[in-house]
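Asker: this is a predicted model, with the sequence first.
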Amino acid sequence: MTTPRLRFAPSPTGYLHVGGARTALFNWLYARRHGGQFLLRVEDTDKARSTDESTRAIFEGLEWLGLMWDEPVVYQGANVERHRADAERLLASGHAYRCFCTAADLDFRRKVAEANEGAFKYDRRCDQLDRDEVARRVAAGEPSVVRFRVPEGNTGWTDLVHDSISFPNKDIEDFVILRSDGTPIYNMAVTSDDIAMHITLVMRGDDHISNTPKQIMLYEALGAPMPQFAHLPMIHGSDGKKLSKRHGATAVADWQHEGILPQAMVNFLALLGWSPGGEFDEVMSIDELIAKFDAAGLRKTAAVFDTKKLEWMNGQHLVRMALDELAPLARRKIAAAGLATESDLEQRGAWFNTLLELLRVRARTVDDIVRQAKPFLVASVEYDEHAAAKAWKDAADARALLVAVRDTLAGVAWEATALETALKALAETRGIGAGKLFGPMRVALTGEANSPGMFDVLVVLGRDLTLARLAAAIVDLDRRTGVT
RNA sequence: GGCGGUAUCGUCUAGGGGACUAGGACGCGGCCCUCUCAAGGCUGUAACACGGGUUCGAAUCCCGUUACCGCUACCA
């Protein structure tokens, strides 16, 4: 068996959608798993809708996910000459014929048919024309399209995900392959390109199932070797409808901006419509996915995009990834949020890594880390009123506690076990559990109700910042006591 | 309308005639751990669309119904 060649063939009419990303991923995974090639073909022949900007968005999305293609990008628009030549070959070999029916006429006949019998199918009237008449009308400059003459019988194939699918040819009309202006129609262009690119497995969305018999007939008429086909199910939104902008973030770039990691996105997408089977750990690296990927695990049913699970998946990858890989991402986001500069964080590398280690376990996205990192980066904190209302309920009491904490901490070596010993001793002399100390301290030091463990907070914050924040809290509590 | 595709917990799925009192994961609830929040551990909730067959035996095979999705262009 020759090595498989697959392609992802998006039309550049928007951003890279998660559905398209998954199609690309499965193609890529299959190629990697079987030592084949993964190619990218931009289907830009719809000049009205294609833009360079969306072509770039597709490249960026694929690059971000790590789905690199193995050969130079193929632009479909550059191959119209070959498409046309293939269509004309079909005309010459008698597999296709000229049709002089105008679009307006066809439109009218279609409307009439729909009003009466329902379905409209081209009646092949131009196939009755004799050769001389066709030649005369062409010579006279009358515009015509080229239609493929669909043969009798059935057209079917063994789909890698659906097993066997077949269509009675009588339900397929003699479809146009060349427009009157000489440009190719989609099915012609795709088939011509897939043949030229030596694609052995056409893996795409199942919205292409009804195009497949037409393409198969084209392969046969052109005498080209038949590839295999695999039709992947769609991805739906939480309401079961096809995923669209209404459902929120549907572009992979949206998730990138929300702090989702590419490896988490890949992992999540891989499990939408595919399963390695049996029991397995759902959190997998890209290499594990490649090793396990198998067309037999492809599902037939549409899947709902569950953002909750994506976020959980991201949290898992956040904890498992190398700190050296996470640090630059976090630095960039923190800098973008204006909390520190990248170079400053880089200089405090060891300290920053300690902080990340503390935060990533309680974060689901990189953006969560940025939010949680704030108290450790800014000069002074603002108090979350909910947190203050609870932990500083009795302002005078909280003040007294914080004064004692400040006095104790001021004379202690800044090291976790020493700090712990000192604070536990303080709690004991005051006849309270150490936990009673931490609530008020947490608000004073971070402004929040939640944070990493108290001793970790103290160490990461450092002596000076800690004492300054305690002093600031005491002042604030004075104000609160006065008001009450 | 015609043609095609699909149908297991709310969601992602395992399952491919008996191992199914249908398993796992997310979510949700409870408990444990615990200075808070997470993480982690344990645990609970919850599904084979419906109706006929085939078979000693169907979630698994066949047919029909229903629902949903896709296609039905001189779009891609």
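Answerer: Good, I have the coordinates.

Asker: measure the residue of chain A positioned farthest from its centre to RNA strand B for me?
Answerer: Here the centre of chain A is the reference, and by C-alpha atoms, centre = their mean the most remote residue is A:T429, at 56.4 Å. Remark: distance between A:T429 and RNA strand B (C-beta to the nearest atom of the strand, to the nearest Å) = 17 Å. From N, CA and C alone the C-beta is placed, and that goes for glycine too.

Asker: contacts only, for that residue.
Answerer: Taking C-beta atoms under 8 Å, 6 or more residues apart in numbering as the definition of contact, A:T429 has no neighbours.

Asker: got phi/psi on it?
Answerer: The phi/psi pair for A:T429 (degrees, to the nearest 10) reads phi -60, psi -30.

Asker: does stretch A:178-185 come close to RNA strand B?
Answerer: Yes. Using C-beta under 7 Å from any atom of the strand, stretch A:178-185 reaches RNA strand B at A:R179, A:S180, A:D181, A:T183, A:I185.

Asker: same question for stretch A:114-121.
Answerer: Yes. Residues of stretch A:114-121 contacting RNA strand B under C-beta under 7 Å from any atom of the strand: A:G118, A:A119, A:F120.

Asker: which stretches in the stretch 151-300 of chain A count as strands?
Answerer: Taking DSSP state E, counting those that start in this stretch as the criterion, the stretch 151-300 of chain A contains strands spanning A:154-159, A:163-168, A:176-178, A:201-205, A:228-232, A:235-236.

Asker: with distance to A:A303 and mean pLDDT added, can I get those strands in TSV?
Answerer: Output for these, formatted as TSV (distance: least, C-beta to C-beta, whole Å; pLDDT from 0 to 100):
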stretch	distance to A:A303	mean pLDDT
strand A:154-159	18	94
strand A:163-168	19	92
strand A:176-178	34	96
strand A:201-205	12	97
strand A:228-232	10	96
strand A:235-236	6	91
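
Asker: deepest-packed of the ones you listed, please.
Answerer: strand A:176-178 (a mean of 25; mean count of other C-beta atoms under 10 Å).

Asker: which residues are contacting it?
Answerer: A:84, A:87-88, A:90, A:96, A:99, A:145-148, A:184-185, A:187-188, A:218.

Asker: okay, now the unreliable bits of the stretch 1-150 of chain A?
Answerer: Residues of the stretch 1-150 of chain A meeting the criterion pLDDT under 70: A:1.

Asker: actually the stretch 301-450 of chain A, sorry about that
Answerer: For the stretch 301-450 of chain A (pLDDT under 70), the answer is none.

Asker: what residues does it have near RNA strand B?
Answerer: A:301-304, A:306, A:308-309, A:312, A:315-316, A:319, A:361-363, A:433-435, A:438-439, A:442, A:449-450.

Asker: neighbours of A:R124, just the number please.
Answerer: A:R124: 14 surrounding residues under other C-beta atoms under 10 Å.

Asker: run through who's touching the longest helix belonging to chain A.
Answerer: When chain A is parsed with DSSP state H, its longest helix is helix A:463-483. If you take C-beta under 8 Å, 6+ apart as the criterion, helix A:463-483 is touched by A:380-381, A:383, A:392, A:395-396, A:398-399, A:402-403, A:405-406, A:409-410, A:414, A:440-441, A:443-445, A:458, A:461.

Asker: quick one: mean pLDDT for that helix?
Answerer: Helix A:463-483 carries an average pLDDT of 90.

Asker: how about it as PDB, C-alpha atoms only?
Answerer: What follows is helix A:463-483, C-alpha atoms only, in PDB (Å, rounded to 0.1, in the frame of the first residue of the first chain):
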ATOM      1  CA  ARG A 463       8.300  40.500  53.400                       C
ATOM      2  CA  ASP A 464       8.100  44.100  52.300                       C
ATOM      3  CA  LEU A 465       4.900  43.800  50.300                       C
ATOM      4  CA  THR A 466       3.300  41.800  53.000                       C
ATOM      5  CA  LEU A 467       4.000  44.300  55.800                       C
ATOM      6  CA  ALA A 468       2.900  47.200  53.500                       C
ATOM      7  CA  ARG A 469      -0.400  45.500  52.800                       C
ATOM      8  CA  LEU A 470      -1.000  44.700  56.400                       C
ATOM      9  CA  ALA A 471      -0.400  48.400  57.200                       C
ATOM     10  CA  ALA A 472      -2.700  49.500  54.500                       C
ATOM     11  CA  ALA A 473      -5.400  47.200  55.600                       C
ATOM     12  CA  ILE A 474      -5.100  48.500  59.200                       C
ATOM     13  CA  VAL A 475      -5.600  52.000  57.900                       C
ATOM     14  CA  ASP A 476      -8.600  50.900  55.900                       C
ATOM     15  CA  LEU A 477     -10.000  49.100  58.900                       C
ATOM     16  CA  ASP A 478      -9.600  52.300  60.900                       C
ATOM     17  CA  ARG A 479     -11.800  54.000  58.400                       C
ATOM     18  CA  ARG A 480     -14.300  51.100  58.500                       C
ATOM     19  CA  THR A 481     -14.400  51.200  62.300                       C
ATOM     20  CA  GLY A 482     -15.000  55.000  62.200                       C
ATOM     21  CA  VAL A 483     -17.900  54.600  59.800                       C
END
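
Asker: could you pull out the buried residues of that helix?
Answerer: A:L465, A:T466, A:R469, A:L470, A:A473, A:I474, A:D476, A:L477, A:R480 (16 or more other C-beta atoms under 10 Å).

Asker: how many neighbouring residues does the closest residue in space to the fourth one that isn't next to it in sequence have?
Answerer: Pointing back at A:L470 there. Using C-beta to C-beta, 6 or more residues apart in numbering and skipping residues adjacent in sequence, the residue nearest A:L470 is A:R406, 4.2 Å away. Using other C-beta under 10 Å, A:R406 is surrounded by 18 other residues.

Asker: measure A:R406 to A:L426 for me?
Answerer: 11 Å (C-beta to C-beta, to the nearest Å).

Asker: now do A:L310
Answerer: From A:L310 to A:L426 the distance is 45 Å (C-beta to C-beta).

Asker: quick one: pLDDT of A:G453?
Answerer: Predicted confidence (pLDDT) for A:G453: 96.

Asker: so A:P143 touches A:S180, yeah?
Answerer: Yes. Between A:P143 and A:S180 a contact is recorded at 4.0 Å, counting by C-beta atoms under 8 Å.

Asker: list the contacts for A:S54?
Answerer: A:P12, A:T13, A:G14, A:Y15.

Asker: let me have those residues in CSV, adding neighbour count as columns.
Answerer: Below are the contacts of A:S54 laid out as CSV (neighbours: other C-beta atoms under 10 Å):
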residue, neighbour count
A:P12, 22
A:T13, 15
A:G14, 17
A:Y15, 19
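
Asker: tell me which of these fall in helices.
Answerer: Per DSSP H, these never map to helices.

Asker: between those, which is nearest RNA strand B?
Answerer: A:T13 (7.2 Å; C-beta to the nearest atom of the strand).

Asker: who touches the closest one in this structure?
Answerer: Taking C-beta under 8 Å, 6+ apart, one finds A:D46, A:R49, A:S50, A:T51, A:S54 in contact with A:T13.

Asker: tell me which of the residues you listed is nearest to RNA strand B?
Answerer: Of the contacts of A:T13, the one sitting nearest to RNA strand B (C-beta to the nearest atom of the strand) turns out to be A:D46, at 3.5 Å.

Asker: please tell me I have it right and that closest one contacts A:S11.
Answerer: Yes. Between A:D46 and A:S11 there is a contact under C-beta under 8 Å: 6.3 Å.
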